[in-house]
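>>> return atomic coordinates for the entry below.
(3 chains)
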Amino acid sequence: MPELPEVETVRRVLHKHLPGHQIRAVQIERPKMLRGQSKTTFIRSLINQKIVKVERRAKYLIIRLQTGSLLIHLGMSGQVFTSGGKKPAVAAGSVLPDKHTHLRMRLDKDFLLYGRDPRMFGRYQYLSPEAEKDFFFGMGPEPLGKHFTPEYLFGILKLRRSSLKALLLNQKVIAGLGNIYTDEALFQARLSPFLAGENLTRAQTLRLHTAIRTILKKAICARGTSISDYLDPRHKKGTFQQQLRVYGQEGNACPACRTLIRKTVLAQRGTHWCPRCQVS
DNA sequence: CGTATTGTTTTGCC
DNA sequence: GGGCAAAACAATAC
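Now for the predicted structure:
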């Protein structure tokens, strides 16, 4: 379930290894992953291009090329694996590429890059320099960036009647939060996920702003959350699952007050909260 | 075999 | 025309 911290972890690993490499061959096994873009256009756009750097916007990986970029969204179960020199892309005991490996790229110096996605909720896409401007238009600020201020958050929540849960998941409000970090941030801020944005006080907004940034920074430090299948490009698990306080903790005691953590559906998502700590 | 899982896009209502 | 909610969509594990 890659959200901002997982995608950022993947970005950092890729950025360490990929820049300077040239793309020699591209295979795409499941054209559906291209979301309508033609396979030939995709391959023709990538081939012989040199990778300049690897960036991230929201939950999107941007592998920047000399001309345009390769955009990767990991969806729910997406993984990117690389290997270079003597290091295999294949973890000991695993079989790669397998039937879920939809993207295979050979770079120079026998460097490999695989895209794997069992549920195929993710996407691979080539973006021309012009297309990229439109693609991210209207997306909310990066929560760890300078545009995400308490004033911005207060201003945008004030206008909205939706629940905090729905608003934090809305990428036009804030970019990069998913289900796990939304629930964790609301718990840390001691705010009910049911609370409407417009009812938030300045003090509560400040708490939420701090909580979002703190949780994301901690999760990046922990290299993300590996609950079911998330792995970084070198097959390394994250460790933030050890620090989850509400997500997946239904029926367990709240770490702050020992009340049992509850779970319900809100904004069409599984939502975890402490009914005592998160009352308003 | 129905249910749960999630992020993005689409649809239709107000 | 924008906010909002719900559905659609992608596919698998259990």
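>>> break down the stretch 51-200 of chain A into its helices, ranges please.
A:129-135, A:150-158, A:164-169, A:179-188 (DSSP state H, counting those that start in this stretch).
>>> count of residues packed around the residue lying closest to residue A:78 once chain neighbours are set aside?
Among residues not flanking residue A:78 along the chain, residue A:122 sits closest, at 3.7 Å (C-beta to C-beta, 6 or more residues apart in numbering). (Glycine included, C-beta is placed from N, CA and C.) The local packing of residue A:122 (other C-beta atoms under 10 Å) involves 24 other residues.
>>> residue A:122 is in contact with residue A:73, isn't it?
Yes. Between residue A:122 and residue A:73 there is a contact under C-beta atoms under 8 Å: 4.9 Å.
>>> sorry, back to before: who's in contact with the residue nearest to residue A:78?
Contacts of residue A:122 were listed using C-beta atoms under 8 Å, 6 or more residues apart in numbering, and they are A:33, A:72-78, A:115.
>>> one more time with 10 Å, if that's ok
Going by C-beta atoms under 10 Å, 6 or more residues apart in numbering, residue A:122 touches A:2, A:33, A:35, A:59, A:61, A:72-80, A:102-103, A:115-116.
>>> where does the stretch 1-150 of chain A dip in pLDDT?
The stretch 1-150 of chain A contains residues with pLDDT under 70 at A:85-95.
>>> show me what from it comes close to DNA strand B.
A:1, A:3, A:58-60, A:73, A:75-76, A:119, A:121 (C-beta under 7 Å from any atom of the strand).
>>> re earlier: from the contacts of residue A:122, list just the buried residues.
A:2, A:33, A:59, A:61, A:72-80, A:102-103, A:115-116 (16 or more other C-beta atoms under 10 Å).
>>> can you show me the strands along the stretch 1-150 of chain A?
For the stretch 1-150 of chain A, the strands defined by DSSP state E, counting those that start in this stretch cover A:23-28, A:51-57, A:60-65, A:69-73, A:79-83, A:101-107, A:112-116, A:123-127.
>>> which residues are in contact with residue A:169?
Residue A:169 neighbours (C-beta under 10 Å, 6+ apart): A:162-163, A:177-179, A:181-182, A:266-269.
>>> what does residue A:78 give?
A:1-2, A:6-7, A:10, A:33, A:59, A:61, A:72, A:100, A:102-103, A:115-124, A:229-230.
>>> the residues of the stretch 1-150 of chain A next to DNA strand B: which two are farthest apart?
A:58 and A:119 (19.6 Å; C-beta to C-beta).
>>> more neighbours, the two?
Relative neighbour count places residue A:58 above the other of residue A:58 and residue A:119, with 19 against 11, counting by other C-beta under 10 Å.
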